[in-house]
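Peer 1: below is the structure, and that's it, no one-letter string:
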Ligand SMILES: Nc1nc2c(ncn2[C@@H]2O[C@H](COP(=O)(O)OP(=O)(O)OP(=O)(O)O)[C@@H](O)[C@H]2O)c(=O)[nH]1
């Protein structure tokens, strides 16, 4: 799905999510495990406000496991409970329900003390496009198909998916916009396929990818392309990869457009291994910067 995020659309998306939030006890903020910073909506804390939240790092099968563990610990240190899942294969779904129950346990206890019998926990998924919201909803719906009917009071009839004895999920996710302000974020979103190729220059994207690998995963760069450094002579690097992979135009020249595509596809299709594009150390740098501002 391609969404053009003009200010009016952002305001509308925010309004819709704010309405849906009134119906639930907890928010499942879905992000891409490869991009725990870049795949978050920039206003998510404001939008969610005080609502309890579980951060779900989806697509863990594509991310660097070591970094995913680091991120979960990092969020934990910030007081945000986080779990990693692979909703494509349905892995880790039990951790979602377990964590949701634990987060809401104090509230449920308080209700019980006041003599109120708590109903099922109601949750909704919120996230930027392409993080896997529909996949997760479908996965949970398939597991336990029982729908619990409509809830009146909102413009659109809302369906609830009952996926555990005491848990219900709103079947429509809240879609929010990604971060735009930073070019590196844009490249990272494009490298993971979260934004369309048509909005980025493929050659710049490929160069960004190569430099990212050079800095963060040099062994993979070496293994796949036989390169130890990328350096400044990008044409030479493209020639090297183009010759090795025989990517020529009909005229027999290296086809730079195809080489660019090939590099980006290699990164997206895991041919360079499981990759994480945001690091917890960057988060600390950002924090340090904002203190000195
Ligand atoms: N490898 C992997 N792919 C996944 C996972 N979850 C979702 N995907 C894939 O990611 C792509 C996007 O998934 P969707 O469920 O359509 O994402 P969405 O957040 O609903 O996207 P929008 O409808 O654009 O908001 C699809 O190609 C899914 O198959 C996962 O855990 N692992």
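Peer 2: Perfect, thanks for sending it. Keep in mind it's a predicted model, so treat the numbers as computed, not measured. Numbering: from 1, shown residues only.
Peer 1: any idea which element residue 76 lies in?
Peer 2: helix 65-77 (DSSP states H and E).
Peer 1: residues of the stretch 151-293 of the chain that sit close to the ligand?
Peer 2: residue 175 (CB under 6 Å from any ligand atom). C-beta coordinates here come from the backbone N, C-alpha and C atoms, glycine included.
Peer 1: tell me which residue of the stretch 151-293 of the chain lies closest to the ligand.
Peer 2: Distance from the ligand to each residue of the stretch 151-293 of the chain (CB to the nearest ligand atom) is smallest for residue 175, at 4.9 Å.
Peer 1: that residue pairs with what?
Peer 2: residue 127 (DSSP bridges).
Peer 1: residue boundaries of the strands in this structure?
Peer 2: With DSSP state E as the criterion, the chain has strands at 26-32, 53-58, 82-84, 121-127, 147-151, 158-164, 167-170, 174-175.
Peer 1: quick one, helices of the stretch 101-250 of the chain?
Peer 2: 133-143, 183-191, 202-216, 218-225, 234-244 (DSSP state H, counting those that start in this stretch).
Peer 1: mean pLDDT for the ones you listed: which is lowest?
Peer 2: Sorting the helices of the stretch 101-250 of the chain by mean pLDDT places helix 133-143 lowest, at a mean of 85.
Peer 1: quick revisit: per-residue pLDDT of the residue of the stretch 151-293 of the chain closest to the ligand, please?
Peer 2: 95.
Peer 1: isn't residue 47 up against residue 17?
Peer 2: Yes: look at residue 47 against residue 17 with CB atoms under 8 Å: they come within range, at 5.8 Å.
Peer 1: distance from the chain centre to stretch 255-271, please.
Peer 2: 21 Å (CA atoms, centre = their mean, to the nearest Å).
Peer 1: what residues of that stretch count as buried?
Peer 2: Residues of stretch 255-271 classed as buried: 255-256, 258-264, 266-268 (neighbour count, 16 or more other CB atoms under 10 Å).
Peer 1: intersection of neighbour lists for residue 47 and residue 17?
Peer 2: 126, 176 (CB atoms under 8 Å, 6 or more residues apart in numbering).
Peer 1: does residue 23 touch residue 123 like I think?
Peer 2: No: using CB under 8 Å, residue 23 makes no contact with residue 123, being 9.8 Å away.
Peer 1: pLDDT score assigned to the nearest residue in space to residue 136 that is not next to it in sequence?
Peer 2: Leaving out its chain neighbours, the residue that sits closest to residue 136 by CB to CB, 6 or more residues apart in numbering is residue 87, at 3.9 Å. According to the prediction, residue 87 has pLDDT 95.
Peer 1: again with the one 3 residues further on
Peer 2: Residue 90 is assigned a pLDDT of 93 by the prediction.
Peer 1: and the end-to-end length of stretch 23-36?
Peer 2: End-to-end distance of stretch 23-36: 27 Å, with CA to CA, to the nearest Å as the criterion.
Peer 1: circling back: out of the strands of the chain, nearest to residue 190?
Peer 2: strand 26-32 (12.4 Å; CB to CB).
Peer 1: sheet partners, orientation included, of that closest one?
Peer 2: Sheet pairing for strand 26-32, using DSSP bridges, gives strand 53-58 (parallel), strand 121-127 (parallel).
Peer 1: contacting residues around residue 187?
Peer 2: When the contact criterion is CB under 8 Å, 6+ apart, the partners of residue 187 are 200, 204-205, 208-209.
Peer 1: one more time with 10 Å
Peer 2: 38, 195, 200-201, 204-209, 211-212, 277 (CB atoms under 10 Å, 6 or more residues apart in numbering).
Peer 1: dump those to CSV, plus neighbour count.
Peer 2: Listed next are those as CSV, based on neighbours: other CB atoms under 10 Å:
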residue, neighbour count
38, 24
195, 22
200, 18
201, 13
204, 14
205, 21
206, 27
207, 18
208, 22
209, 25
211, 15
212, 19
277, 26
